[in-house]
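**Q** I'd like to go over a predicted model; first the sequence, then the structure.
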Amino acid sequence: MQKNRLTWMIGGPQGSGINASAEVFAKACSRAGLRVYANIEYHSNIMGKHSFYRVRVDDEDVRSYKDKADILVALDLETLAGDGDHRRWATHYGHLAEINDGGGVIFDSEIGYDPAKANRPDLRFYPVPFMEIIKKALEEVGKGEQARRYEVMKNTVGLGASLALCEYPFDLVAEVIRSQFKGKRAEVGELNVRAAKLAFEHVKQHESAKDFPYTLKPGKEPKARILAKGYEIHAIAKLKAGCSFQTYYPISPATDESVFLERQQRDYNLLVVQCEDEISSINMAVGAAHMGVRAATATSGPGFALMVEGIGFASITECPGPVLVMYQRGGPSTGMPTRQEQGDLQFSLHPAQGDFPHIVTAPGDLREAYQDTFSAFNWAERYQMPIIVLSDKKLASVYTTIDKLELKWDKIDRGEMFTGSEWTAVDAKGANDAGSQAGHNGNGHGKMDMANVKEYLRYAFAKDGISPRSRPGIKGGRHWITSDEHDPDGHITEGVEMRVAMMEKRMGKLKLAQNAIPEEQQFFLHGPKDAELTVLGWGSTKGTILDALTLLEAQGKKINFLQCRLMKPFPAKQVGEILRGAKHIVSMEENYSGQLAQVVQEQTGVMIDQRINKFDGRPFSEDEVVNALAKVYDGAKAEPVVTHVH
């Protein structure tokens, strides 16, 4: 008997409501004090194609999914048998092979599936008449003839039926269902509760349901916890940081963040603009940042490809932003729009032509996503450059328990501002300032007495390389902005000394940022320093690697994990020291080439030959990481990991 360690899965065609039932189940478990990690896999079309949602529940914190589930709810035949019967090349072969021994399979009896075909005598199959149950629930309120209109309630029927197997208290789930239907929709909520209850009672009649080996009980100490998705956390961090302007063009999986912010904008002094394309999105955000507000945008790989000129423009003009959250997905081109990949690290480090400063950070979980997105606005305005926060599909769509959402570094820093009372010192104009030396000034002063000159130079050569920025409406703060190389006035120049001085001014800010950003936000070594094997990774692989290391430690294996978080400027000295002291190194990334391993080699000179890469569009599971690292630990050569689909 396995108690309070359960993975529940529901599958069906997109548009059938699997999201709703999975998230109701997750909420009911979380509110009862259990820990939840849920993730969805779905196709890039809107309706019809197969999708499935896994909910892993435990007494202890869980940060990844497992290969196998204990209960499967199948809303259609494809969830059980795959799509090989109607496709030349099968996309998948059904989920029956992914169910643990003795697990339960609940399916709609209308699909006519014969459990004998599964060749899994260890599984317990429960055919449930989904539509009959829905009709019966409707008949109780005089709406029996409308059953087909309520077909979407099949997902609730499947949920109710599965509760009968794991013995989870029905009332806890019913409470959550009711909370989803407020006001005029309360009646629909009651219908869903009744349908779920009828399904619960139907399965309870089965003799094999009485000794089902996987059970789930409420936690001992129910606590108020946050249950959130990654895109919500990125969005909340933007609100917390005082973001006033967000642009976007719809693109999966980034759109969810902007839609969430659209719903909040009236309450948070925020304007969200859906633009005609990504070029407009980045340029509007850059313009807003120059106007003095905290500005942001969000996109995915194909949209980012259209934004690169705007990012370069923001950098050369020393714009205080914008903050760009980049949700990676499978590439190249439109690639796999709804699938996972860490394929855009190198792209984010070198998105536009020439050498220019920008900061790239890659949080590994929702807590880090909250902090790094918040901090990004401070970095943008302090160092006057665009900031890229690298997220991905996995991090965006994960639905997981967070004990507390808090900021370790929570101060708002608007950077150096020109207020109208300070003036640029003459010696800050540089050695090649032909304009002012000729006795003319562009701030409306005309001919000047050079002995008593008072002027504002937007790109003055300040001692730390950061010139106070102005905004429209500040008296005396008028200035020029151009995408060409420029002098301290902002006027175009091709002078040799000025070019060298401006490049050194801009690029020098990266060193300032690296010295100021807390080391914990740059990298972190998890586990024992004297480990036999060091795992190098970044981004959303963090939780899976840490879960796997806990299991491997129980097996007597001494492994640590070096998580890289700040990608530009890269902490080469510290990372290099750790890796040069490691006995053996293996990188673990969800891309084809091992992009972080390449960055580390370039920045530190440490060669990383052992690479465990996964690039099939699905994230690493806990089981895959355990198996892959155990083999490398025992001396095997690292190999790519492919999701088991048979």
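**A** Thanks, I have it. Numbers count the residues shown, from 1 in each chain.
**Q** Look through this structure and tell me its longest helix.
**A** Ranked by residue count, the top helix of the chain under DSSP state H comes out as helix 496-516.
**Q** For that one, enumerate the helices and strands it packs against.
**A** helix 366-383 (3 or more CB pairs under 8 Å, 6 or more residues apart in numbering; DSSP states H and E). Any C-beta I mention is one placed from the backbone N, CA and C, and that applies to glycine too.
**Q** For the helix it packs on, give the mean pLDDT please.
**A** Mean pLDDT, helix 366-383: 98.
**Q** Flag every buried residue along stretch 59-70.
**A** Buried positions in stretch 59-70, judged by neighbour count with 16 or more other CB atoms under 10 Å: Asp61, Val62, Arg63, Ser64, Tyr65, Lys66, Lys68, Ala69, Asp70.
**Q** actually stretch 473-493, not the one I wrote
**A** Ile474, Gly476, Gly477, His479, Ile481, His486, Asp487, Pro488, Asp489, Gly490, His491, Thr493.
**Q** Now do it: distance from first to last residue.
**A** Using CA to CA, to the nearest Å, one end of stretch 473-493 lies 27 Å from the other.
**Q** hang on, the earlier thing: the longest helix of the chain to helix 366-383, inter-axis angle?
**A** Angle, helix 496-516 to helix 366-383, by axes from the mean of the first three to the mean of the last three CA atoms, to 10 degrees: 150 degrees.
**Q** what's downstream of helix 496-516, the next helix or strand?
**A** Sequence order places strand 523-526 as the next helix or strand after helix 496-516, per DSSP states H and E.
**Q** Closest to Glu318 out of the buried residues of stretch 473-493?
**A** Using CB to CB, Ile481 is the member of the buried residues of stretch 473-493 that lies nearest Glu318, at 9.0 Å.
**Q** how far away is the closest one from Leu457?
**A** 13 Å (CB to CB, to the nearest Å).
**Q** next one: His358
**A** 23 Å.
**Q** neighbour-wise, which of these two wins?
**A** Between His358 and Leu457, Leu457 has the larger neighbour count (other CB atoms under 10 Å), namely 28 against 24.
**Q** so what's the nearest residue to Pro320 once chain neighbours are set aside up against?
**A** Leaving aside its chain neighbours, Pro320 sits nearest to Glu381 (4.2 Å; criterion: CB to CB, 6 or more residues apart in numbering). Residues near Glu381 by CB atoms under 8 Å, 6 or more residues apart in numbering: Arg294, Pro320, Gly321, Asp413, Arg414, Gly415.
**Q** Tell me the one among these nearest to Thr550.
**A** Nearest to Thr550 among the contacts of Glu381, with distances taken as CB to CB, is Asp413, at 36.8 Å.
**Q** tell me the secondary structure for the closest one?
**A** Under the three-state scheme (DSSP: H, G, I helix; E, B strand; the rest coil), Asp413 adopts coil.
**Q** count of residues packed around the residue nearest to it when sequence neighbours are not counted?
**A** In this structure, Asp413 finds its nearest non-sequential neighbour in Asn378, 4.2 Å apart by CB to CB, 6+ apart. Neighbours of Asn378 under the rule other CB under 10 Å: 22.
**Q** Can you list the low-confidence ranges for this structure?
**A** 1, 422, 425-453 (pLDDT under 70).
**Q** Show me which residues of the longest helix of the chain are buried.
**A** Met498, Ala501, Met502, Met503, Lys505, Arg506, Lys509, Leu510, Leu512, Ala513, Gln514.
**Q** correct me, but the fifth one touches Lys463?
**A** The reference is to Lys505. No. Contact criterion CB atoms under 8 Å: Lys505 and Lys463 do not qualify, at 10.8 Å.
**Q** ok now stretch 616-636, how far from the chain's centre?
**A** Mean C-alpha position of stretch 616-636 versus that of the full chain (CA atoms, centre = their mean, to the nearest Å) differs by 22 Å.
**Q** that older thread, show me what contacts the residue nearest to Asp413?
**A** Asn378 touches Ala241, Lys411, Ile412, Asp413, Gly415, counting by CB under 8 Å, 6+ apart.
**Q** out of the residues you listed, who has the most neighbours?
**A** Neighbours here mean other CB under 10 Å. Within the contacts of Asn378, the largest count is held by Ala241, at 21 neighbours.
**Q** Leu533 reaches Asp634, doesn't it?
**A** No. Between Leu533 and Asp634 there is no contact under CB under 8 Å: 9.9 Å.
**Q** which of the two has more neighbours?
**A** Just comparing Leu533 and Asp634: by other CB under 10 Å the higher neighbour count belongs to Leu533, 23 against 9.
**Q** what's the spacing between the more buried one and Phe377?
**A** For Leu533, the distance to Phe377 - CB to CB - is 38 Å.
**Q** With Glu23 instead?
**A** 30 Å.
**Q** Mind checking which of the two has more residues around it?
**A** A side-by-side neighbour count of Glu23 and Phe377, using other CB under 10 Å, places Phe377 first with 27 against 20.
**Q** Straight-line length of stretch 56-64, end to end?
**A** 8 Å.
**Q** Show me the contact partners of it.
**A** By CB under 8 Å, 6+ apart, stretch 56-64 touches 4-8, 26, 29, 34-38, 65-66, 216, 219, 365, 400-401, 542-544, 546-548, 620-622, 625.
**Q** All the strands of the stretch 101-250 of the chain, residue numbers only.
**A** Counting by DSSP state E, counting those that start in this stretch, one finds strands in the stretch 101-250 of the chain at the ranges 124-128, 214-215, 226-229, 245-248.
**Q** Between those, which one is closest to Lys529.
**A** Among the strands of the stretch 101-250 of the chain, strand 226-229 sits nearest to Lys529 (CB to CB), with 32.5 Å.
**Q** Paired strands for that closest one, with orientation please.
**A** strand 399-402 (antiparallel) (DSSP bridges).
**Q** What is the nearest of the buried residues of helix 496-516 to Asn19?
**A** For the buried residues of helix 496-516, the nearest to Asn19 is Ala513 (39.5 Å; CB to CB).
**Q** The closest one contacts Val360, doesn't it?
**A** No. Using CB under 8 Å, Ala513 and Val360 do not qualify as a contacting pair, with a distance of 11.1 Å.
**Q** How about the contacts made by the nearest residue to Ser64 once chain neighbours are set aside?
**A** Once flanking residues are discounted, Ser64 sits nearest to Thr544: 3.8 Å by CB to CB, 6+ apart. With contact taken as CB under 8 Å, 6+ apart, Thr544 is in contact with Arg63, Ser64, Pro619, Phe620, Ser621, Glu622, Val625.
**Q** If we go by neighbour counts, what in the helix or strand encompassing Thr544 is buried?
**A** With elements taken from DSSP H and E, the one containing Thr544 is helix 541-554. With burial defined by 16+ other CB under 10 Å, the residues of helix 541-554 counted as buried are Thr541, Lys542, Gly543, Thr544, Ile545, Leu546, Asp547, Ala548, Leu549, Leu552.
**Q** got the contact list for Pro357?
**A** Ser315, Tyr383, Met385, Arg506, Met507, Lys509, Leu510.
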